[in-house]
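K.L.:
Sequence plus predicted model, see below.
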There are 4 protein chains.
Amino acid sequence: MSGQGLQLALFGAGRMGTIHAANIVAHPRAALAGICDPDDGAALALARAFRSRVRTTADVFDDPAIDAVVIASAASTHPELIDRALACGKAVFCEKPLARDLGTVRSLAAAVEASGIPFLLAFNRRFDPGFASLASRLRKGEAGAPELVLLTSRDPGPPPLDYILASGGILRETTIHDIDMARWLTGEEPNSVYAVGAARTDPRIAAAGHVDTVMVTLTMPSGTLVSINNSWRSAYGYDQRAEVHGASGMLQLGNVLPTPVIAWNAGGGSSDRPQPFFLERYAEAYRRELDYFVSRLEEGGSLSPGAGDGLNALQIAEAAEVSMRSGLSVRLS
Amino acid sequence: MSGQGLQLALFGAGRMGTIHAANIVAHPRAALAGICDPDDGAALALARAFRSRVRTTADVFDDPAIDAVVIASAASTHPELIDRALACGKAVFCEKPLARDLGTVRSLAAAVEASGIPFLLAFNRRFDPGFASLASRLRKGEAGAPELVLLTSRDPGPPPLDYILASGGILRETTIHDIDMARWLTGEEPNSVYAVGAARTDPRIAAAGHVDTVMVTLTMPSGTLVSINNSWRSAYGYDQRAEVHGASGMLQLGNVLPTPVIAWNAGGGSSDRPQPFFLERYAEAYRRELDYFVSRLEEGGSLSPGAGDGLNALQIAEAAEVSMRSGLSVRLS
Amino acid sequence: MSGQGLQLALFGAGRMGTIHAANIVAHPRAALAGICDPDDGAALALARAFRSRVRTTADVFDDPAIDAVVIASAASTHPELIDRALACGKAVFCEKPLARDLGTVRSLAAAVEASGIPFLLAFNRRFDPGFASLASRLRKGEAGAPELVLLTSRDPGPPPLDYILASGGILRETTIHDIDMARWLTGEEPNSVYAVGAARTDPRIAAAGHVDTVMVTLTMPSGTLVSINNSWRSAYGYDQRAEVHGASGMLQLGNVLPTPVIAWNAGGGSSDRPQPFFLERYAEAYRRELDYFVSRLEEGGSLSPGAGDGLNALQIAEAAEVSMRSGLSVRLS
Amino acid sequence: MSGQGLQLALFGAGRMGTIHAANIVAHPRAALAGICDPDDGAALALARAFRSRVRTTADVFDDPAIDAVVIASAASTHPELIDRALACGKAVFCEKPLARDLGTVRSLAAAVEASGIPFLLAFNRRFDPGFASLASRLRKGEAGAPELVLLTSRDPGPPPLDYILASGGILRETTIHDIDMARWLTGEEPNSVYAVGAARTDPRIAAAGHVDTVMVTLTMPSGTLVSINNSWRSAYGYDQRAEVHGASGMLQLGNVLPTPVIAWNAGGGSSDRPQPFFLERYAEAYRRELDYFVSRLEEGGSLSPGAGDGLNALQIAEAAEVSMRSGLSVRLS
């Protein structure tokens, strides 16, 4: 890392790429050393907006001045970009998923582990001030030993059908975040999973053999019980809540509202609805995630969550899929 | 019913009996015509406090001036008192359970049905202003068709061990209220139940083969998914919440706090904790339950919930027990 | 007081009388020994509903078995009933006001003081669980020494115009409750008052020389500053809030909502509106006020608030009126 | 403005300057063209962190490529920098105050007006999502015509004593923000002001003839009444609230909490405390303020609030000072 701060190259000039670009330039110890995207116009616009420049993939990986890469491109490009970054010894900040199939995820996780290259898998919720505070206070013992964990994630609407088919369904796409959260909050890996689901929002989802509404029960070795509920329909915005009940209390994370305005009239008191979706809800999480990445690379420490977290979460999501389709609870080793 | 209002005899001068007695005398169209309890002192004290008189069971059932009985005595006495009330043609307000074993419950429910005698099984939560408002607004379509139901009931502490053993455990004692609520809110009977549990609060509970912490998943024929979580430990008081997520919104019932005072200081903003237990939390529900009973008898209408609701809820609780012990989900017909 | 509990006679079979009657019969240590009202039908209906009997004023005051009177009749009758109760040595529970004019209030307060008869002036808010908790926690030092007090009272609508004219306006009718609360919370008598007002709800109020909207500033000898705001219009129900900011924190009392249900949809999260008016909002306060009266008479202790509190609050309200009409702040001795 | 976005030079490399610098570089249509600060080290550090360069004041004003200046330097430098910017025809984003004395403020406001140069006086609260939403919804009529406005601003602690002396006291330093808010929310200029104050936090403040706790009443021509309360002591963080009661409802702005975590235990439910102070509380307001400045310059529209708002607010604050010292309410023309 030069005296000019951490030199970062960005793959992907879409929504997530734009967010990361703004966060990089506003970070006092990071610089946006280049932007790669197959869409030249998008790359150029982003480069102009943030005083950076468009570069080719090869150029990025060949440039020894680049310390790290931020991978925010299409999911299908992740495996190759990760491989090249590991080969060139560049630290990696990678949007999830590592890859779409379990086999590739497993081999990528092994390669990351073997390489010793700093690698951050961007499970963004862990960096949200609310989820992070919940986790930290739980570890300090504010609720005692966890006994019941309730996780709610509901999206404002389903993804496009082709995205659903590519992603492998709600358990792999949405529930996987809650599975990671359950693992992180309890500090345990589940020993059983049971899932039920239904298709309620769009008949094409049912016709494609998918569901849009699930409830998943995880049991943890300590006896802690976890219940996850997800829906791809939420009339009131993006619903992201968590609750941990322990031996001496409960820690509860509510939704974030855009403003604390309440309007009172004959109908009662009416608040804002929660943030519309992840870009707004997790704006601060993305800032902190980037700051964490920069700070840990400066300090030389390891990064978490890593590729192994992505692998474990995916294995549990796939077991949940087996449970949902069989009606049986599935043991996890 | 005479011009003096509905004449009610009360069985049981304990905690619940005292509550019902006060509500009867404060009701402008009901009168407390007598109190029966094997504990003469308790019966006499209650009679003096509320200007009533102590009576024998036989005297109550023989008195044609008594319109109805309120059964708030020990659970073991319920079957015989119900039988006698049906035989004498007196309307019945009965605290749960009808009986402790499924066979007796089934035959009592059949007898009630056959008799045509007005019978109210006091699932008190249905009369709570909050739960009742939630149910009523749901039926008006304020959340659209239900898709996800979350029910939380956590007691401040476990019952005495001998009570646990007599009651048959947390699923029959505590979860049964949430099962009734799930049936009532969705208007459906579940087609499957899955339960997991753990013993966390007291090693004697585990040693007795019981649990104190459960998560139960019900699936409904419409596709609606229900998750119930219960604990016999809650450091912050009696936790009674419900949430129904539907196609067009969510209805959410929070806890009731004794006062709306918030104390702000360097540690943050601190509210009261929820009401300590059912006597305080459901004080208004007990008033409304009695008023409903009186008003419906005046109008001549049928009563709900009835004995059949007690039977159905118990059958589901017993299936949950089978699931928890087997690790399998259980189909319900 | 006999072994049958405190024998209470009730003056007034209107709205407040009905509430007190139900609370008396539901109290385990009090009995409703008679009801007096110039409206025979109302008195009889109440007597039948609560198993009491109609009595004449003379009969009540002549009956040595009657321990105390509850005065909930028209304000114009209060002075005479108080005088007779003092003469007969019966304890008094008196709805406010003592009287409508300051001279009579002053002489009644002196007479009560001289008599030594237990006398409760029913400033109901002091018995509300929320206001009482705020006061008690303040005295325990939870906010440190008070520095700023904000009191909000807004009625759902203005009283009838003739009532306004008889009562002497919003400062004497509504603000007087907040003035009593300010005195009680701070434990101080103000040394200055400044008031501004406006007529916004009904042109007839302005035409009659009255206002319906006021802001009153009180300064206390310690330096504590108090701001009261009142309106006779509140589209969202009865608004009753208080806030005390002190050296080490703030205690804040919000409104009481009928239920804790929140409905979430595209418009946001919507709570109930506050209770509609005082009968619902202070139902529990009326129960506790009666219980306090009964318990203190049993114990033989003095009662608070007393007639002197009514006198002091009225003097401050009248000074506020002078301030509002003159535009000057008014010193209080 | 070039194709590279709006070229901004920044005066001041302190706390506020750093915030504005980060917001400028993260803005897709603005660029940080230079930083001026008498502290060379601070200027250089900021320039390195955000890829800009250190410049002299003369260099900035001579450079035709610079479109606008952001004045975030010491208050004493504001008048001269404003004058030079007006002379060079550069748009101005100026932190408050324009100047410390009313005469200079008056002549600066006149000069800005005469120049026609776009000028933004950074009353930051107007750009806060919460205050802005309150104002916007009020203008849409969600509460009907305003009748009562309550504004609360309490700082975590008093400024240093020399700062207090320089700033002219709490009314000019803190209350002025609430005065601007009252003007903005009601759309009216007050016709009277009454203020009371006390010194409670530090005897040196009293000894210097200042106060740290005030209540201010404004009356508006429409009859709307405004109550402002301020303290330089708040044990629970930075308290920034507003409430507008109107003919058809109330709009209420609560505090912003760092996270929506609630911890429940035997002591109740405990939230975070509000943000510690303005840097955190108004982080989003500063972003929006900058975006507003950039967007309005692009569009060519006028800017608000302007220098005249600073003048009017200061005149009202000075009248409040007169009221507090005299005990009389002060008429405003």
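P.N.:
Cool, the structure landed.
K.L.:
any idea what A:Gly302 is structurally, helix, strand or coil?
P.N.:
Not quite, residue A:302 is Ser, not Gly. Using DSSP: H, G, I helix; E, B strand; the rest coil as the criterion, the local structure at A:Ser302 reads coil.
K.L.:
ok, it touching A:Gly116?
P.N.:
No. Using Cβ atoms under 8 Å, A:Ser302 is not in contact with A:Gly116; the gap is 9.5 Å. Bear in mind the C-beta positions are built from the backbone N, C-alpha and C, glycine included.
K.L.:
State the distance from A:Ala166 to A:Arg200.
P.N.:
22 Å (Cβ to Cβ, to the nearest Å).
K.L.:
Comparing these two, which residue is more hemmed in?
P.N.:
A:Arg200 (25 against 13; other Cβ atoms under 10 Å in any protein chain shown).
K.L.:
Show the contacting residues for that one.
P.N.:
A:212-213, A:231, A:233, B:145, B:147, B:223, B:247 (Cβ atoms under 8 Å, 6 or more residues apart in numbering or on different chains).
K.L.:
residue contacts, A:Val261?
P.N.:
So A:Val261 contacts A:271-272, D:130, D:133-134, D:137, D:251-254 (Cβ under 8 Å, 6+ apart).
K.L.:
who does it bridge with?
P.N.:
A:Val261 forms beta bridges with D:Leu253, as assigned by DSSP bridges.
K.L.:
Dump the contacts of A:Arg200 to CSV, plus neighbour count, pLDDT and secondary structure.
P.N.:
Compiled in CSV, the contacts of A:Arg200 are given as follows (neighbours: other Cβ atoms under 10 Å in any protein chain shown; pLDDT from 0 to 100; DSSP: H, G, I helix; E, B strand; the rest coil):
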residue, neighbour count, pLDDT, secondary structure
A:Asp212, 25, 98, coil
A:Thr213, 24, 98, strand
A:Ser231, 29, 98, strand
A:Arg233, 21, 97, coil
B:Ala145, 14, 97, coil
B:Glu147, 25, 98, strand
B:Gly223, 18, 98, coil
B:Ala247, 15, 98, coil
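K.L.:
From the residues you listed, pick the one nearest D:Gly141.
P.N.:
Closest approach to D:Gly141 among the contacts of A:Arg200 (Cβ to Cβ): B:Ala247, at 30.9 Å.
K.L.:
okay but that closest one is in contact with B:Gly144, surely?
P.N.:
Yes. With contact defined as Cβ under 8 Å, B:Ala247 and B:Gly144 form a contacting pair (3.3 Å).
K.L.:
Now do the shared contacts for those two.
P.N.:
A:Ala235.
K.L.:
returning to what we had before: farthest-separated two in the contacts of A:Arg200?
P.N.:
Maximum distance among those (Cβ to Cβ): 13.5 Å, for A:Asp212 and B:Ala145.
K.L.:
Give me the phi and psi angles of the most centrally placed residue in chain A.
P.N.:
Relative to the mean C-alpha position of chain A, the nearest C-alpha, by Cα atoms, centre = their mean, is the one of A:Phe123, at 2.9 Å. Backbone geometry at A:Phe123, expressed as degrees, to the nearest 10, gives phi -70, psi 90.
K.L.:
Then A:Asp37?
P.N.:
phi -160, psi 140.
K.L.:
you'd agree it is up against A:Ala9?
P.N.:
No. If you go by Cβ under 8 Å, A:Asp37 and A:Ala9 don't touch, sitting 11.3 Å apart.
K.L.:
neighbour count winner among these two?
P.N.:
Taking other Cβ under 10 Å, A:Asp37 and A:Ala9 do not tie; A:Ala9 has more neighbours (26 against 23).
K.L.:
residues in contact with the more buried one?
P.N.:
Per Cβ under 8 Å, 6+ apart, neighbours of A:Ala9: A:33-36, A:55, A:60, A:63, A:66, A:68-70.
K.L.:
ok, so of those, who is nearest chain B?
P.N.:
Closest approach between these and chain B, by Cβ to the nearest Cβ: A:Val70, at 35.1 Å.
K.L.:
For the closest one, give its distance to B:Pro156.
P.N.:
49 Å.
K.L.:
Please identify which of those two sits among more neighbours.
P.N.:
Taking other Cβ under 10 Å, A:Val70 and B:Pro156 do not tie; A:Val70 has more neighbours (28 against 20).
K.L.:
Could you see whether chain D lies near the helix or strand that one falls within?
P.N.:
Using DSSP states H and E, A:Val70 sits within strand A:68-71. No. Figure legend: strand A:68-71 not in contact with chain D (Cβ under 8 Å from any Cβ of the partner chain); closest approach 15.5 Å.
K.L.:
For that strand, which outside residues touch it?
P.N.:
Under Cβ under 8 Å, 6+ apart, the answer for strand A:68-71 is A:6-12, A:17, A:20, A:24, A:60, A:77-78, A:81-82, A:85, A:90-95, A:118, A:293, A:297.
K.L.:
Drop anything exposed from those residues.
P.N.:
A:6-12, A:17, A:20, A:24, A:60, A:78, A:81-82, A:85, A:90-95, A:118, A:293, A:297 (16 or more other Cβ atoms under 10 Å in any protein chain shown).
K.L.:
Tell me which of those residues fall in helices.
P.N.:
In helices, judged by DSSP state H, the following of the buried ones among the contacts of strand A:68-71 are found: A:17, A:20, A:24, A:60, A:78, A:81-82, A:85, A:293, A:297.
K.L.:
just the contacts of A:Val261 now: which is nearest B:Glu284?
P.N.:
Taking the contacts of A:Val261 together and measuring to B:Glu284 by Cβ to Cβ, the closest member is A:Ser271, at 25.4 Å.
K.L.:
tell me the phi and psi of the closest one?
P.N.:
When quoted as degrees, to the nearest 10, the phi and psi of A:Ser271 stand at phi -90, psi 170.
K.L.:
Neighbours of it, how many?
P.N.:
Other residues close to A:Ser271 by other Cβ under 10 Å number 22.
K.L.:
One more: A:Pro274?
P.N.:
26.
K.L.:
Hmm, it is touching A:Thr259, no?
P.N.:
No. Distance between A:Pro274 and A:Thr259: 11.5 Å, which falls outside the contact criterion (Cβ under 8 Å).
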